[in-house]
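# Pasted the sequence and its predicted model underneath.
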Amino acid sequence: KQKHGQLRLSILGATGSIGQSTLDIITHNPERFAVAAVTANRNAHGLADAAIRVGAERAVLADAEGYGLLKDLLAGTGIGVAAGPEAVEEAATCDAGMVVAAIVGAAGLAPTLAAVKKGRAIALANKECLVCAGSLFMEMADRHGATILPVDSEHNAIFQVLEARNAEQVEKVILTASGGPFRDKTLEEMRSVSPEEALKHPNWDMGQRISIDSATMMNKGFEVIEAHHLYGLPAERLEVLVHPQSAVHGLVQYRDGSLLAQMGTPDMRTPIAHCLAWPERIPVATQRLDLAALGSLTFEKPDGLRFPALPLAYRALETGMAATAALNAADEVAVDAFLRRRIGFLDITAIVERTIETLERAGDLSGCGSIFDVMNVDGAARRLAEGFSRS
Ligand code: NAD
Ligand code: MG
C-alpha cells in the first residue's frame with residue numbers, strides 16, 4: 001500500500017487532541033504519509049474511526065478489555081487489531097519511519113523510549129517523557145540516533161528559530177504562556193473555581209490534563225524542564241513570559257542582541273505539520289495570523305505567588321530528575337482528584353509541593369540514574385499524592 005517516498009507513521013494516542021490534529025494533516029496530505037499503526041487507551045470506537053480514516057495497517061488498544069469490541073468494529077476492513085501494553089510497544093517499534101508520541105502522562109514513557117531505542121524519528125508531544133526522564137531520554141536518543149522533533153508549540157517555535165544556528169550563540173530562550181483561564185484571578189477567587197471553569201482554556205483546545213496544567217501554570221513549568229533537556233540550556237537561561245494573545249510561541253535571544261520569534265495562530269496542526277514534514281514544509285489550512293486585527297501584543301512576567309507551580313517546577317529542575325519525575329507523578333494524581341471534585345483547584349499545586357518535600361526529607365530525591373529509579377520515584381510520589389488528596 002505504501003507508495004514510494006511516503007513516510008510511514010506510527011501514531012501513539014491517535015484518539016486524543018494531538019492525535020486527531022495529526023490525522024487531519026495526514027488526510028489532507030495522503031500522498032505523503034502512510035499509517036502503520038494507531039493506538040489509544042480505552043476508546044475502541046474512536047480508535048476504529050481513526051484507523052479507518054487514515055487506512056492504518058493496525059489499530060492497538062492499551063486496555064486489553066476493549067479487544068473484542070475493536071475487532072468487531074474493524075471486521076472486514078483488513079486492519080489488524082491488537083490490545084495490551086505489549087501491543088502498544090510493538091506499535092511503537094514497528095517499521096515506521098516516524099513515531100508520533102501523543103499519549104498523555106508517564107504512560108507514554110515506555111512505548112516512546114522503545115521507539116527511541118529503535119532509532120526512530122520521534123514527533124514528541126508527550127512532554128512527560130522529558131519531565132520524568134529527560135537526561136536518560138536524550139542520552140538514549142543520542143546513542144541510538146533517534147531524532148527528536150518537538151511538537152509542543154513553544155519548543156517547536158524555538159526549534160524553528162534555532163534551526164541551522166549555533167546553540168553556543170544563544171543567550172536565552174523565552175517560552176510564552178497564555179496565562180490560562182485564571183490569568184487575572186486572585187488566589188482567593190481561584191480557591192473555588194470548578195473543573196469546568198479550569199478546563200475552559202482561552203486560546204487552545206487540548207486534552208483535560210494539559211488544560212488543567214495550563215490553568216495552574218504547571219504546564220509551563222513542565223515546558224521549562226522540557227526545554228532544558230531539548231536544548232541543553234540551564235534554568236537561568238530559560239525564561240517564561242505571559243503573552244495572552246498566544247501569537248508568539250517562542251523566542252530565542254542571541255548574544256548579539258537579536259531576538260527571533262516564531263508566530264502563528266494557536267493551532268497545533270502547524271507545529272505537528274512542521275515535525276511530520278521536517279526539514280520540508282507542507283500546506284496546512286490553519287487560520288492565518290492577522291496581526292492588524294490583533295492590533296497589539298502584550299507581554300508580562302509570570303506571577304509566582306498566584307501561580308506557585310512555576311517556581312516549584314524550576315526548583316525541581318535544580319534538584320534533579322527524581323524531583324521532576326515526582327513533580328509529574330504527583331501532578332497526574334492531583335489533577336485527577338481535582339477533576340473528580342475531591343480537592344480544590346489550589347490544592348493541586350499544594351499537594352505536588354507537599355509530595356516533593358516529603359520525598360526530599362526522606363532522602364528519596366537523590367541518585368536517580370535509571371528508568372527503574374524513575375519508575376520507583378513515580379510510584380512513591382503517586383502513593384503520597386493519593387494520600388494527600390484524601391486527607
Ligand atoms: P488527550 O487526553 O486528548 O489524549 C491522550 C491520548 O493518550 C489518547 O489517545 C488516549 O487514548 C491515550 N492514552 C491515555 N492514557 C493512556 C495509557 N495509559 N496508555 C496508552 N494510551 C493512553 O491528550 P492531548 O491533549 O492530546 O495530549 C497528549 C500529549 O501531548 C500530552 O503529553 C500533552 O502534554 C502534549 N501536548 C498537547 C497539546 C495539545 O494541544 N493538546 C499541546 C502540547 C503538548
Ligand atoms: Mg506548550
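Yep, that arrived. Numbering: from 1, shown residues only. Ligands and ions are numbered 1, 2, ... in the order given.

# can you tell me the helix or strand for Leu9?
Assigned by DSSP states H and E, Leu9 belongs to strand 7-12.

# what do you get for Leu241?
Here Leu241 is assigned to strand 238-242, by DSSP H and E.

# Go ahead and produce PDB holding the CA coordinates of the helix or strand following that strand.
The first helix or strand that comes after strand 238-242 along the chain, using DSSP H and E, is strand 248-254. Presented in PDB, the C-alpha positions along strand 248-254 are these (Å, rounded to 0.1, in the frame of the first residue of the first chain):
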ATOM      1  CA  VAL A 248       4.300  34.500  19.600                       C
ATOM      2  CA  HIS A 249       5.000  30.900  20.700                       C
ATOM      3  CA  GLY A 250       8.700  31.100  21.500                       C
ATOM      4  CA  LEU A 251      11.700  33.300  21.200                       C
ATOM      5  CA  VAL A 252      15.500  32.900  21.100                       C
ATOM      6  CA  GLN A 253      17.800  35.700  22.100                       C
ATOM      7  CA  TYR A 254      21.300  35.600  20.600                       C
END
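
# so what does strand 248-254 touch, helix or strand wise?
helix 153-162, strand 170-177, strand 259-263 (3 or more Cβ pairs under 8 Å, 6 or more residues apart in numbering; DSSP states H and E). Where you see a C-beta, it was placed from the backbone N, CA and C, and this is true even at glycine.

# Get me the contact residues on the stretch 101-250 of the chain for ligand 2.
Asp152, Ser153, Glu154 (Cβ under 5 Å from the ion).

# count of residues packed around Glu31?
8 (other Cβ atoms under 10 Å).

# That one and ligand 1: what is the separation?
Here the criterion is Cβ to the nearest ligand atom, to the nearest Å. By it, Glu31 lies 26 Å from ligand 1.

# Check the secondary structure at that residue for me.
coil (DSSP: H, G, I helix; E, B strand; the rest coil).

# Test my guess that it contacts Leu7.
No. Using Cβ atoms under 8 Å, Glu31 is not in contact with Leu7; the gap is 10.7 Å.

# Just the element for the residue lying closest to Phe33 once chain neighbours are set aside, please.
Using Cβ to Cβ, 6 or more residues apart in numbering and skipping the chain neighbours, the partner closest in space to Phe33 is Ile26 (4.7 Å). Using DSSP H and E, the element containing Ile26 is helix 17-28.

# Can you name the residue of this protein nearest to ligand 1?
At 2.0 Å from ligand 1, Gly16 is the closest residue in the chain, using Cβ to the nearest ligand atom.

# What values do phi and psi take at that residue?
Per-residue torsions, Gly16: phi -80, psi -170 (degrees, to the nearest 10).

# Then Trp204?
phi -110, psi 150.

# ok so, going back, let's have the helices and strands packed on strand 248-254 in TSV, adding mean neighbour count and mean pLDDT.
Formatted as TSV, those follow (neighbours: other Cβ atoms under 10 Å; pLDDT from 0 to 100):
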stretch	mean neighbour count	mean pLDDT
helix 153-162	24	96
strand 170-177	21	96
strand 259-263	16	97
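
# can you redo these as TSV with distance to Ser192?
Formatted as TSV, these follow (distance: least, Cβ to Cβ, whole Å):
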stretch	distance to Ser192
helix 153-162	30
strand 170-177	23
strand 259-263	36
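
# can I get the ones you listed in JSON lines with distance to ligand 1?
Below are the helices and strands packed on strand 248-254 laid out as JSON lines (distance: least, Cβ to the nearest ligand atom, whole Å):
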{"stretch": "helix 153-162", "distance to ligand 1": "6"}
{"stretch": "strand 170-177", "distance to ligand 1": "12"}
{"stretch": "strand 259-263", "distance to ligand 1": "15"}
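
# Just tell me which of the ones you listed ends up closest to Arg120.
For those, the distance to Arg120 is smallest for helix 153-162, at 17.7 Å, taking Cβ to Cβ.

# Report all helices and strands that the closest one contacts.
Using 3+ Cβ pairs under 8 Å, 6+ apart: helix 153-162 touches strand 148-150, strand 170-177, helix 218-231, strand 248-254, strand 259-263, helix 269-277.

# And the protein, split by domain according to the record?
7-150, 153-304, 320-391 (automatic domain parsing).

# What's the end-to-end length of the last one?
What that stands for is domain 320-391. 28 Å (Cα to Cα, to the nearest Å).

# next one: the first one
Using Cα to Cα, one end of domain 7-150 lies 18 Å from the other.

# picking that back up, just checking, the residue of the chain closest to ligand 1 touches Val104?
Yes. Judged on Cβ under 8 Å, Gly16 makes contact with Val104 at a distance of 6.4 Å.

# what's the pLDDT at the residue of the chain found nearest ligand 2?
Proximity of the chain to ligand 2 (Cβ to the ion) peaks at Asp152, 4.3 Å away. For Asp152, the pLDDT comes out at 98.

# Could you find the closest non-adjacent residue to it?
Lys127 (5.6 Å).

# Repeat that for Pro195.
Closest to Pro195 by Cβ to Cβ, 6+ apart is Leu339, at 5.1 Å.

# ok, now Gln6?
According to Cβ to Cβ, 6+ apart, the nearest residue to Gln6 is Ala34 (4.6 Å).

# got it, and Asp378?
Ala329 (4.3 Å).

# is any part of the helix or strand hosting the one you found close to ligand 1?
Element membership of Ala329, judged by DSSP H and E, is helix 321-339. No. Counting by Cβ under 6 Å from any ligand atom, ligand 1 is not contacted by helix 321-339; separation bottoms out at 9.9 Å.
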